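*Asks:* below are the sequence and a predicted model; questions follow.
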Amino acid sequence: MEQPVGLVLCGGKSSRLRQDKSQINYHGAPQWQFLAGMLSELCPKVIISCSYSQAAQYSREVEGTHLANLFFCVDQPALADSGPVSGVLSAFETVPATDLLNIGCDYPLIKKEDLEFLLSSRKPGTDAVCYHLEKENLDLPFPAIYERSIQKILLNLFHQGKYSLREGLREGNVLRLTPPHPERLISANTPEEVERMKARISQQA
């Protein structure tokens, strides 16, 4: 199987956080750059899903660096304003006939081995590979591999007004993995959560 394209989803409004979560520095660089660098070690191409203003700013930030060849993808008008599914579907439309290894920019504890486990577990005939929390019976939409076959499922749901990636996972033929490190699959979406994450990362350094 071909390696999937990496996708970092940065286009959210960060309303609860009251700042751009993609620009938070947890690891010595803005989080979007940190994740793009991680994906660039695993994927032949990395897409950054973001707004027009973010794309212009990000391009300036990485000019002349090893991340200068990133591809920036703005949500297509017909797919916009519906959360992460807009970024995923727009990436499928912009770079057709590809599979996606995607992650949201609000997961500061993710490590490369969490992505490598997803990649090494892929099997032909599946629509996605995701982590699953058995106790909560919960599929995690990030990080996950969305094979190109799930595009049709997500698009059909989108046109029904259903914008949940998790619902798309329920509809598809999905390989669900028990995460070796579930404590790393936690997002930070409020100022308090961000500060707790920073403290935790600092203690681990």
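*Replies:* Cool, got the structure. Numbers count the residues shown, from 1 in each chain.

*Asks:* the strands in this structure, which residues?
*Replies:* Using DSSP state E, the strands of the chain run over 5-9, 46-49, 71-73, 100-104, 128-133, 138-146, 174-177.

*Asks:* same list (those) but as TSV, adding mean pLDDT and mean neighbour count.
*Replies:* C-beta coordinates here come from the backbone N, C-alpha and C atoms, glycine included. Below are those laid out as TSV (pLDDT from 0 to 100; neighbours: other Cβ atoms under 10 Å):
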stretch	mean pLDDT	mean neighbour count
strand 5-9	97	27
strand 46-49	95	26
strand 71-73	92	18
strand 100-104	97	24
strand 128-133	98	21
strand 138-146	97	22
strand 174-177	98	18
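
*Asks:* now those in JSON lines, with distance to A188?
*Replies:* Conversion of the strands of the chain to JSON lines gives the following (distance: least, Cβ to Cβ, whole Å):
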{"stretch": "strand 5-9", "distance to A188": "14"}
{"stretch": "strand 46-49", "distance to A188": "18"}
{"stretch": "strand 71-73", "distance to A188": "23"}
{"stretch": "strand 100-104", "distance to A188": "10"}
{"stretch": "strand 128-133", "distance to A188": "17"}
{"stretch": "strand 138-146", "distance to A188": "12"}
{"stretch": "strand 174-177", "distance to A188": "23"}
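
*Asks:* quick one: closest of these to E192.
*Replies:* Of all these, it is strand 100-104 that lies closest to E192, at 18.4 Å by Cβ to Cβ.

*Asks:* verify the stated contact: A91 with S49.
*Replies:* Yes - with contact defined as Cβ atoms under 8 Å, A91 and S49 form a contacting pair (6.0 Å).

*Asks:* you'd agree V5 is up against S40?
*Replies:* No - assessed by Cβ under 8 Å, V5 is found out of contact with S40, at 10.9 Å.

*Asks:* low pLDDT regions in the chain?
*Replies:* The chain contains residues with pLDDT under 70 at 12-17, 205.

*Asks:* OK, contacts around Q23?
*Replies:* Counting by Cβ atoms under 8 Å, 6 or more residues apart in numbering, Q23 touches P30, Q31, W32.

*Asks:* try it again with 10 Å
*Replies:* Shown in contact with Q23 (Cβ atoms under 10 Å, 6 or more residues apart in numbering): C10, S14, A29, P30, Q31, W32, Q33, Q54, Q57, Y58, E61, C105.

*Asks:* anything in contact with each of A91 and S49?
*Replies:* Common neighbours of A91 and S49 (Cβ under 10 Å, 6+ apart) are L7, L9, F71, C73, D75, L100, N102.
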